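Engineer: dropping the sequence and predicted coords here.
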Amino acid sequence: MDPKLINDCVHCGFCLPTCPTYTLWGEEMDSPRGRIHLMKQHVEGTPITPEMAGHFDACLGCMACVTACPSGVQYDRLIEQTRVEVEREHVRDPQERAVRGIVFSLFPYPRRLRLLRPGMRLAERMAPFLTRVHPGLGAMAALAPHVERRQRLPRVVRARGERRGVVGMLTGCVQGEFFPQVNAATARVLALEGCDVIIPPGQGCCGALSVHSGRDDQARRLARRTVRTFEQAGVDTVVVNAAGCGSSMKEYAELLGREPGFKVRDLSEFLTELGPVAKRHPLPLTVAYHDACHLAHAQGVRAQPRELLMGIPDLDLREIPESAICCGSAGTYNIFQPQAARDLGDRKAEMVGTTGAELLVSANPGCTMQIAAAMRRAGAEIRVAHTAQVLDASLRGVGL
Amino acid sequence: MLDTLVAGLRSLLPHDSVITDPVRLRTYECDGLTYHRATPGVVVLPGTAEQVARVVRLCNDFGVPFVARGSGTGLSGGALPREDGVLIVTSKMRRILEIDLDDHRAVVEPGVTNLAITEAVRDRGYYYAPDPSSQQVCSIGGNVAENSGGAHCLKYGFTVNHVEACEIVTPDGDLVTLDRMDPGYDLLGAFVGSEGTLGIATKITVRLSRAPQTVTTVLAAFESIEQGGQAVSAIIGAGIVPAAIEMMDALAIEAAEAAVACRYPEGAGAVLIVELDGPQAEVERQFAQLTEICSGAFELRVAADPAERAAIWKGRKSAFAAVGRISPAYIVQDGVVPRTSLPSVLAAIDRLSAEHGIRVANVFHAGDGNLHPLVLFDDAEPGAGERAEVVSGAILDLCIEHGGSITGEHGVGVDKSRYMPRMFSEADLDTMQLVRCAFDPRGLSNPGKVFPTPRLCGEAPGVRKGVHPLVESGKAEQF
């Protein structure tokens, strides 16, 4: 861990109210300021105790503190380095190790995820049983979305009308397997806005889940493969529609020690830079837009998705109170820290409820599953969609 | 002894509200002032006033000192823990209990943040007026303890002017309510700003204010800090009481720019942020006067909408922490001088800075002469910390010399207790001790703060010898 990064913290506490776990528990050691203090203790020679590891594990990595910090502390880098250290030094109990093993040998591999698809309908019913085995497994099952028919995407989707660009598209692991309709919508929107969309087959996970969990080697391996795939495809921009993936891919240079041969853009970021050309058809909907942490905090993309949504005639966009606070999904957090994730999900559901919106839009599959599940628990089921799907509906003039 | 006490605490509080793990305890070793550190003997996080009272009573049974802490953002070390004592953290007590707009009141628990009160009533046209720069995180309990100020206190007054009542746990563990309306001595007035030495607030009734009809925020950029200082004097001299007049010098602007890209006018030696609020007609008239007074400014920027207003304030409010971008370490000083002395004091600070080779950034509430010099140093450089301390202390001497004060709003805490004798005579300090002893005869409530040397309550305060320094300097009269 880099002591210099630790010393950037001046202990002002501006991060406290933005931290989801501090919001829940009000305890210093579960705030960014407290965690940085723990890192400092470790750097100064204190070994990683189970208590210490617990506080690092409890961090969602939402990066809201990075946005809030006036001193420019790079907490994102700090916590990533810390997680690597925790993985190296801390011995978890066997049950926890087993669950982590399952998750990390499953999620980053689309083909293995595909095997799960037939069982997804059963997942919800199996949740109580799985909870008894391990609360994390139960949480995982309870979150399982209703998967839709797989849509095989072509290798190239040609631009409609005048061609304005050529882009690569990441299909992702969870997004691709559980939300294939989002990828299809993304490709259509890009094509309708005049882009040739290159979708290299055989893409795997971008490595985000592993980076965010301190599994350094796995992360580098997956990242290298992703870089190779898109470099071979010869695109100079890769468009990503999942916030967590986009944020990790933007940090490839740091992870791999070399700049990849392409730029990474979030879909909304790319479309705003490109400027709208295709006709928007009205969508008379009340929409609440949820800021995915890895889009808003990690990539600083807040205005663009709102701008895109507000560009749709008749669409009524509502702001969610406490929008800077994480929904509790946070990659694999809702599996490893089910209780905290559930509490945060309930809190978010309550806030979403106050908007009176009929559709919840977010740019991250994890958030969508998490908030949808929390709304179901609260008996206030809400329809969910990705920004791409809303745009797709408007561009094609079909309902949503 | 602490072990037996811990067993007692565990019987009073939920299991996870008593912290004894050494690694966890250390995260509480300091507040916003990191210069002073002490690992608390034990940390408790009570959820109710009754639990606070029980903890305090237990401390009394064992004769163990206790310290209260809110969000830990204080800048004078007021919440510095005791190694031999209990740290009582109020961050789990953060419910807004009652909002009564007809009576312009809200009742809140001490861990509620300052800004959360405003957020709860803003859409109904109200707000809580005192606004420390850390308002998004600092707790109202801490505000009461420190009598916190903020940019808008120039017009609206400090915390003490906005607290109607406090339920407190006295240092011997009784739960009592101090109300402004109580006849007799103004005990609430004594309690607010007592820095945790007279007890712990567990429920606070604050006054809510109506949001002004109009707010105009002006950013005036001057070539030099002297010009800025003269403008401040001229504004007040013209009889205008703006909601706030804030000043930042070039170094502070540089820091804020690096942190939040506030886009203040380039090349400014100083900027003034002047906020006018009130009825439209009044604000318009004052704005016309202000424009004339600030004719020496090379740029005058008026916020067109709330977003622009927020952008102007963002630079100012983040200034303290933002200094971390331009310096590895720094001391935030807090002192007061009469407004008219601003130019000469600032010039003297400049000389001190040059003399010791220590940079000083100035950010301050210019309207009420409340200086916040930020003394910058590199803690990796041997001796730099000590030199910074010297400069920092010399600035306080300057404040006293000019008839000001050693603190405007950050409190005395542990950091400035040693300066108290420079400002007050022994007799003054003895008198303060008498007040303290009336509340806390055993000296268990936040001992070691505010006063330089703990004096036992049994010790008879001496009769004042000689003339009071304030009388001598012609600042006060004695009848």
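Structural biologist: Everything's here; your move. These numbers come from a predicted model, not from an experiment.
Engineer: quick one: low-confidence parts of the stretch 301-450 of chain B?
Structural biologist: The stretch 301-450 of chain B contains no residues with pLDDT under 70.
Engineer: who in it is up against chain A?
Structural biologist: For the stretch 301-450 of chain B, the residues in contact with chain A (Cβ under 8 Å from any Cβ of the partner chain) are B:318, B:320-325, B:328, B:330. Every C-beta, even on glycine, is put in place using the N, C-alpha and C of the backbone.
Engineer: host element of B:Leu115?
Structural biologist: Element membership for B:Leu115 (DSSP states H and E) is helix B:114-121.
Engineer: that helix - contacts with which helices or strands?
Structural biologist: For helix B:114-121, the packing partners by 3 or more Cβ pairs under 8 Å, 6 or more residues apart in numbering or on different chains; DSSP states H and E come out as strand B:96-100, strand B:105-108, strand B:126-127, helix B:140-146.
Engineer: give me the contact list for the third one.
Structural biologist: For strand B:126-127, the external contacting residues (Cβ atoms under 8 Å, 6 or more residues apart in numbering or on different chains) are B:101, B:104, B:118, B:121, B:208-211.
Engineer: repeat the analysis, applying 6 Å as the threshold.
Structural biologist: Residues from elsewhere that reach strand B:126-127 (Cβ atoms under 6 Å, 6 or more residues apart in numbering or on different chains): B:118, B:208-209, B:211.
Engineer: secondary structure element for the residue in the stretch 301-400 of chain A positioned nearest to chain B?
Structural biologist: Nearest residue of the stretch 301-400 of chain A to chain B: A:Pro321, at 8.9 Å (Cβ to the nearest Cβ). Assessed by DSSP H and E, A:Pro321 sits outside every helix and strand.
Engineer: count of residues packed around it?
Structural biologist: A:Pro321 has 11 neighbouring residues, counting by other Cβ atoms under 10 Å in any protein chain shown.
Engineer: against A:Val361, how distant is A:Ile325?
Structural biologist: 17 Å (Cβ to Cβ, to the nearest Å).
Engineer: which one's more surrounded, these two?
Structural biologist: A:Val361 (27 against 23).
Engineer: isn't that one right up against A:Arg383?
Structural biologist: No: the criterion here is Cβ atoms under 6 Å, and A:Val361 misses it with A:Arg383 at 9.6 Å.
Engineer: what's the closest of the residues of the stretch 301-450 of chain B next to chain A to B:Ala250?
Structural biologist: Nearest to B:Ala250 among these: B:Val323, at 12.9 Å, using Cβ to Cβ.
Engineer: give me the nearest residue to the closest one, chain neighbours excluded.
Structural biologist: B:Ala255 (4.6 Å; Cβ to Cβ, 6 or more residues apart in numbering or on different chains).
Engineer: residues in contact with the one you found?
Structural biologist: B:322-323, B:325-326.
Engineer: circling back: mind telling me the two of the residues of the stretch 301-450 of chain B next to chain A farthest from one another?
Structural biologist: B:Ser318 and B:Pro328 (17.9 Å).
Engineer: these two - which one has more neighbours?
Structural biologist: B:Ser318 (23 against 16).
Engineer: give the contact list for the more buried one.
Structural biologist: A:70, B:259-260.
Engineer: ok, A:Pro313 next?
Structural biologist: A:Pro282.
Engineer: what about it, which helix or strand?
Structural biologist: Counting by DSSP H and E, A:Pro313 is part of no helix or strand.
Engineer: mind listing the strands for the stretch 201-350 of chain B?
Structural biologist: Here the stretch 201-350 of chain B has its strands, by DSSP state E, counting those that start in this stretch, at B:209-210, B:214-222, B:244-249, B:270-278, B:299-302, B:329-332, B:335-336.
Engineer: identify the residues contacting the third one?
Structural biologist: Pointing back at strand B:244-249 there. B:151-152, B:154, B:225, B:228, B:232, B:270-275, B:316, B:362-364, B:366-367.
Engineer: how about stretch A:92-100?
Structural biologist: Against stretch A:92-100 from outside (Cβ under 6 Å, 6+ apart): A:134, A:136.
Engineer: in stretch B:114-132, what's buried?
Structural biologist: B:114-121, B:126-132 (16 or more other Cβ atoms under 10 Å in any protein chain shown).
Engineer: ends of that stretch, how far apart?
Structural biologist: Start-to-end span of stretch B:114-132 (Cα to Cα, to the nearest Å) is 8 Å.
Engineer: what about that stretch, average pLDDT?
Structural biologist: Mean per-residue pLDDT for stretch B:114-132: 96.
Engineer: just how off-centre is it within its chain?
Structural biologist: Between the centre of stretch B:114-132 and the centre of its chain there are 18 Å (Cα atoms, centre = their mean, to the nearest Å).
Engineer: can you check stretch B:238-253 too?
Structural biologist: 18 Å.
Engineer: what are the C-alpha coordinates of it, in CSV please?
Structural biologist: Extracted C-alpha coordinates of stretch B:238-253, given in CSV (Å, rounded to 0.1, in the frame of the first residue of the first chain):
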residue,chain,number,x,y,z
ALA,B,238,-22.0,52.0,4.8
GLY,B,239,-24.4,50.3,7.2
ILE,B,240,-25.0,47.2,5.1
VAL,B,241,-25.2,43.9,7.0
PRO,B,242,-24.7,41.2,4.4
ALA,B,243,-25.6,37.7,5.2
ALA,B,244,-21.9,36.9,4.7
ILE,B,245,-18.7,38.5,3.7
GLU,B,246,-15.9,36.0,3.1
MET,B,247,-12.4,36.6,1.9
MET,B,248,-9.8,34.2,0.4
ASP,B,249,-6.3,35.1,-0.6
ALA,B,250,-4.4,33.9,-3.7
LEU,B,251,-3.0,30.8,-2.0
ALA,B,252,-6.4,29.7,-0.7
ILE,B,253,-7.9,30.3,-4.1
